[in-house]
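1. Give the three-dimensional model of this entry:
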Amino acid sequence: MDHTDPLKPIAFDLETEGLLMEKEITVAGLRFPLGAFVLLNTNGRSVTEGLEAYVLENSDLDAVQIHVCDSERELLDRLREETEARLRGKNRMLVAFNGETWRGGFDLSFLRTRCGVNDVNWPFNDIPYADLMPIVKKRVNTKVHGEDGPEEIADLCGTYDVLIAEDHCDPYEDSNEAVTAAYNGDWTSLVLHNVADINRTQQLADWMQRYVPASDFQLKNLSPPLGGQ
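-> Residues are numbered from 1 along each chain as shown. Alright, predicted model coming up:
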């Protein structure tokens with residue numbers, strides 16, 4: 001990595017119908033420098049008029065773009081198109097918090113399964129990736145007072161709160177609420193939750209680029225051997 005021109009982090013986060021492999025992806029969000037790009041899979045259900053304007057107003061971002069998809073396959077195809085246009089060869093790296101770390105991670109492992117189920121090409125071909133979770137655990141002190149003594153914070157929301165502690169737009173106390181929201185078609189809260197997560201991830205990545213050695217980012221190329229074909 002050229003230390004005079006470091007890769008710019010682009011945060012990524014998924015929402016799904018649940019943890020089982022047969023559950024679908026409901027939201028895929030990317031945090032670009034100017035704002036959030038969100039793919040919302042409604043499976044053909046309607047979306048409240050003014051959703052994008054409402055999320056923009058409540059997210060404190062400069063821009064929010066929401067693309068409504070009628071199926072998971074459409075979401076995956078559009079994700080590949082966007083990453084090809086905006087990430088590949090653009091001096092950018094994809095970042096996530098536990099994308100594929102603890103217990104295999106969540107976002108990337110889930111995405112791989114759903115791409116396979118839909119027979120859709122891998123969207124992150126030839127794109128560098130860094131997971132923020134191992135950086136936090138190995139290189140940042142996040143120990144706080146707990147009920148039984150020092151407690152180490154290692155989740156996204158907790159890490160964000162102890163290191164950055166800025167206001168956010170997340171309407172949920174627990175990310176499991178995203179499953180219920182998708183089931184009920186509560187797209188507003190679901191998208192706001194995703195935007196909050198990618199923004200927290202982005203701010204943590206920016207924080208780490210200021211204080212953590214570049215070698216600890218442990219970049220990997222996400223290309224499969226067949227190049228995602």
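2. packing partners for the helix or strand T113 falls within?
-> Take DSSP states H and E as the rule and T113 turns out to sit in helix 107-118. When contacts are defined as 3 or more C-beta pairs under 8 Å, 6 or more residues apart in numbering; DSSP states H and E, helix 107-118 packs onto strand 8-16, strand 25-32, helix 72-86. In this view, the C-beta of every residue, glycine as well, is placed from N, C-alpha and C.
3. Export the ones you listed as a markdown table, with columns for mean neighbour count.
-> Output for the helices and strands packed on helix 107-118, formatted as a markdown table (neighbours: other C-beta atoms under 10 Å):
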| stretch | mean neighbour count |
| --- | --- |
| strand 8-16 | 24 |
| strand 25-32 | 25 |
| helix 72-86 | 18 |
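4. could the ones you listed be laid out in a markdown table, adding distance to C157 and mean pLDDT?
-> Listed next are these as a markdown table, based on distance: least, C-beta to C-beta, whole Å; pLDDT from 0 to 100:
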| stretch | distance to C157 | mean pLDDT |
| --- | --- | --- |
| strand 8-16 | 12 | 97 |
| strand 25-32 | 15 | 98 |
| helix 72-86 | 24 | 97 |
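5. returning to that earlier point: so for the helix holding T113, what's the average pLDDT?
-> On average, the pLDDT along helix 107-118 is 97.
6. List the buried residues in that helix.
-> 107-108, 110-111, 114-115, 118 (16 or more other C-beta atoms under 10 Å).
7. Let me know the closest of the residues you listed to L94.
-> L108 (9.0 Å; C-beta to C-beta).
8. on that earlier part again, just the residues contacting the helix holding T113, thanks.
-> 12-14, 16, 21-22, 24-25, 28, 72-73, 76, 96, 98-100, 121-124, 129, 222 (C-beta atoms under 8 Å, 6 or more residues apart in numbering).
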